[in-house]
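Student: Just need the structure, nothing else, for what follows:
(chains A and B)
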Amino acid sequence: DTEVTQTPKHLVMGMTNKKSLKCEQHMGHRAMYWYKQKAKKPPELMFVYSYEKLSINESVPSRFSPECPNSSLLNLHLHALQPEDSALYLCASIGGADTDTQYFGPGTRLTVL
Amino acid sequence: SQQGEEDPQALSIQEGENATMNCSYKTSINNLQWYRQNSGRGLVHLILIRSNEREKHSGRLRVTLDTSKKSSSLLITASRAADTASYFCATSPGTYKYIFGTGTRLKVLA
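Tutor: Alright, predicted model coming up:
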């Protein structure tokens, strides 16, 4: 199984809502990532968890709150977002024999109204 | 910004032609990778080249790396309509961190 899954595929939320994005991988990978991608731009790193501990936070606003409940699951909790936070949110993982290759999920398209 | 630059930003070619895209980066690296992204979807890993390698092949893909110039190129030979996508280079300056280049949007016309 070389798949990273993300739910939901699409999410529309108001600025006062609280929602969560979910990412799952069953490849035994040691690190999991959240990226944000705006249209026609490259992915921007947000957070990295390695061995279930937050190892990189790229100065992301506190309205984004990551969580890694176990080695297979990564959540991104969203609260009080702004319209400019609308983007494609991508999850990725690395590990196993191919240690430097990132495996990406299909992404969650987020729209903040 | 540590972000790498890619050129061209956009490239349109006929099916069967070769496509070349270039990536320049700013920091020293452990490796450089190329990814493809079809419209609005996740990225797919294409090829990885380590800092001590100069050239690598995978099927119709050829990647070169010049660490003295901090640059890499991706060549896709005999392009197909299915190669239409955005292509990103990604550098790894340190453990777990990846920085993506600005991307090249390739359109292959049938």
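Student: which strands and helices sit next to the strand ranked longest in chain B?
Tutor: Longest strand in chain B by number of residues, with DSSP state E as the criterion: strand B:85-94. Counting by 3 or more C-beta pairs under 8 Å, 6 or more residues apart in numbering or on different chains; DSSP states H and E, the packing neighbours recorded for strand B:85-94 are strand B:5-7, strand B:31-37, strand B:71-76, strand B:97-100, strand B:104-109. For every residue, glycine as well, the C-beta is placed using N, CA and C.
Student: Identify, out of the ones you listed, the most deeply packed stretch.
Tutor: Mean neighbour count (mean count of other C-beta atoms under 10 Å in any protein chain shown) peaks for strand B:31-37 among the helices and strands packed on strand B:85-94, with a mean of 23.
Student: what angle do it and strand B:104-109 make?
Tutor: Strand B:31-37 runs at 50 degrees relative to strand B:104-109, counting by axes from the mean of the first three to the mean of the last three C-alpha atoms, to 10 degrees.
Student: Show the average pLDDT along strand B:31-37.
Tutor: Averaging pLDDT along strand B:31-37 gives 95.
Student: The longest strand of chain B: which residues count as buried?
Tutor: B:A85, B:S86, B:Y87, B:F88, B:C89, B:A90, B:T91, B:S92 (16 or more other C-beta atoms under 10 Å in any protein chain shown).
Student: any idea of the pLDDT on A:D98?
Tutor: 62.
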